[in-house]
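Chemist: Fold the following for me, if possible:
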Amino acid sequence: MNPRFENNVAAPPPGVRGWLNRDIVGMTLTSLLSDACHEMVTAVLPGFLLALGAPAAALGYIEGAADAASSLVKLGSGWYSDRVGRRKGTVTGSYVVTAGALGLLALAVSWPMVLVFRVVSWMSRGVRSPLRSAMLADAVRPEARGKAFGLHRAGDTLGAVLGPLAGIWLLSVLPRVVPAAPYRTIFLFSLVPGGLAVAAFAALVGDRRHPARHGLKLWHAVRSLPGAFGRFLRGVGVFGLGDFSHTMLILAATVLLAPRYGTVRAVQWSALLYVVHNVFYAGAAYPVGALADRIHKPRLLAAGYVLAAAVAAATAWLMARHLASLPLLTAVFAAAGVYIAVQDALEGAIPADLVPAPDRATAYGVLGAVDGVGDFIASALVGSLWTAFSPAWGFAAAAALMLTGAATLAVNSSS
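Modeler: Numbering: from 1, shown residues only. The predicted structure is shown next:
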């Protein structure tokens with residue numbers, strides 16, 4: 001913890017003992033249900049796009065545009081939250097929009113329509129992301145933040161296991177007279193956990209208000225963030241230029257497996273691989289967070305970035321060799337789950353050590369914007385190189401950028 005900001009840390013809610021309090025449990029349960037909703041959709045989305053006849057580049061554009069739109073609203077929502085001092089109402093509304101937009105995918109008849117609904121859904125996720133991170137940081141003491149963020153990511157990812165499993169099961173039992181029909185039913189079914197997420201957050205999570213600062217200007221709020229936070233962002237930003245959406249991994253697995261198993265079975269296998277990804281993600285999130293409370297967080301994050309580069313390089317190799325190996329793909333997806341656990345837990349916990357409580361939503365908004373711009377570039381880059389040259393070129397370029405980001409973070413964290 002930076003001593004300069006130690007007195008600025010918000011105390012836990014009055015009367016709460018320990019770090020596992022009602023707010024943490026409520027936000028964890030909400031994220032579990034919300035992730036079950038949107039990961040059910042994510043797991044089968046590449047198959048739906050194939051059924052619509054969309055090219056591989058379309059998925060890169062969809063995921064990249066969604067991440068870019070999410071990043072644009074993160075900065076504004078974080079600043080506005082710090083300005084008015086309230087967060088819960090905005091977060092609750094964003095869960096409503098996310099679930100509704102994903103359900104509307106059932107109406108899509110072309111990939112541009114998928115893009116529109118996906119962008120709306122991800123924009124609403126972007127609105128809540130910095131606010132929820134600030135609420136998590138406010139709910140526990142500094143020495144337990146790693147555990148709180150790690151537990152939250154574990155619950156989030158448990159939903160990301162249950163959601164794809166439900167999607168796989170529905171895909172296996174629903175009739176396929178029309179290729180796209182079962183996917184549409186899955187999109188509608190995702191409204192069930194999405195609605196439960198809204199109810200859980202509204203009922204369980206309190207609204208801890210901060211003093212309103214109506215004169216707070218966006219640019220002034222950003223410029224006043226600590227220099228240490230800016231140095232942290234450099235490594236995050238460079239890494240983000242290669243941090244493609246993991247729906248690209250699902251598409252890569254589907255393309256590799258389709259010649260051997262057929263398209264529908266390949267989609268199911270790829271969704272199961274994504275479940276493996278999320279199992280390792282959920283299993284690693286809390287231990288990583290707990291470990292981060294004991295060691296130097298930025299260096300641990302840099303190690304996660306190196307693992308991410310290895311995942312991208314391995315995927316490039318598999319695509320170049322056309323290796324439809326389920327054991328190798330399983331290893332790639334498992335490693336991807338571990339690095340995402342490191343990335344999400346640490347990128348969530350580190351800003352709270354660098355930024356005082358009243359400015360944290362703005363900081364998380366800036367972080368989200370940097371991540372989102374990088375994600376857009378990364379997904380669009382991989383998708384474009386895939387279509388123009390080969391998928392191996394796209395994943396190899398991502399690996400190089402990720403490794404550069406790891407080095408940048410390591411150097412800046414030691415300066």
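Chemist: pLDDT wise, what is G394 at?
Modeler: On pLDDT, G394 comes in at 90.
Chemist: for it, what are its contacts?
Modeler: Residues near G394 by Cβ atoms under 8 Å, 6 or more residues apart in numbering: 244, 248, 316, 381-386. From N, CA and C alone the C-beta is placed, and that goes for glycine too.
Chemist: Give the next helix or strand downstream of the lowest-mean-pLDDT helix or strand in the chain.
Modeler: In the chain, no helix or strand scores lower on mean pLDDT, DSSP states H and E than helix 218-223, which sits at a mean of 62. Sequence-wise, the next helix or strand downstream of helix 218-223 (DSSP states H and E) is helix 227-240.
Chemist: any residues touching that next one, and which ones?
Modeler: Taking Cβ under 8 Å, 6+ apart as the rule, helix 227-240 contacts 2, 298, 301-302, 305, 308, 347, 350-351, 354-355, 363, 366-367, 370-371, 373-375, 377-378, 401-402, 404-406, 408-413, 415.
Chemist: and these, which of them are in helices?
Modeler: Under the assignment DSSP state H, the contacts of helix 227-240 contribute 298, 301-302, 305, 308, 347, 350-351, 354, 363, 366-367, 370-371, 373-375, 377-378, 401-402, 404-406, 408-413 to helices.
Chemist: so where's the stretch 251-400 of the chain shaky on pLDDT?
Modeler: Low-confidence segments of the stretch 251-400 of the chain, defined by pLDDT under 70, are located at 292-293, 356-361.
Chemist: are any of the ones in helices among the contacts of helix 227-240 buried, and which?
Modeler: Applying 16 or more other Cβ atoms under 10 Å to these, the neighbour count classes 298, 301-302, 305, 308, 347, 350-351, 354, 363, 366-367, 370-371, 373-375, 377-378, 401-402, 404-406, 408-410, 412-413 as buried.
Chemist: that older thread, which pair in the contacts of G394 has the greatest spatial separation?
Modeler: Greatest spacing in those, by Cβ to Cβ: A316 and S384 (15.0 Å).
Chemist: Show me which of these two is the more surrounded one.
Modeler: A316 (22 against 18; other Cβ atoms under 10 Å).
Chemist: Contacts only, for Y274.
Modeler: By Cβ under 8 Å, 6+ apart, the residues touching Y274 are 39, 42-43, 164, 246, 249-250, 333.
Chemist: Considering those, which possesses the most neighbours?
Modeler: Greatest neighbour count in the contacts of Y274, by other Cβ under 10 Å, goes to A43: 30 neighbours.
Chemist: May I have the predicted confidence score for that one?
Modeler: pLDDT, A43: 79.
Chemist: Next, the buried residues of the helix or strand hosting it.
Modeler: Assigned by DSSP H and E, A43 belongs to helix 22-52. Neighbour-count burial for helix 22-52, counted by 16+ other Cβ under 10 Å, picks out 23-52.
Chemist: roughly how far is it from the heart of the chain?
Modeler: Put simply, helix 22-52 sits 10 Å off its chain's centre (Cα atoms, centre = their mean, to the nearest Å).
Chemist: thought A106 was touching L191?
Modeler: No: applying Cβ atoms under 8 Å, one finds A106 not in contact with L191, separated by 9.5 Å.
Chemist: Of the two, give the one with the bigger neighbour count.
Modeler: Shown here are A106 and L191; by other Cβ under 10 Å, A106 has more neighbours (19 against 16).
Chemist: Check the gap between that one and F189 for me.
Modeler: Distance, A106 to F189, using Cβ to Cβ, to the nearest Å: 9 Å.
Chemist: what do you get for A228?
Modeler: Taken as Cβ to Cβ, the span from A228 to F189 is 45 Å.
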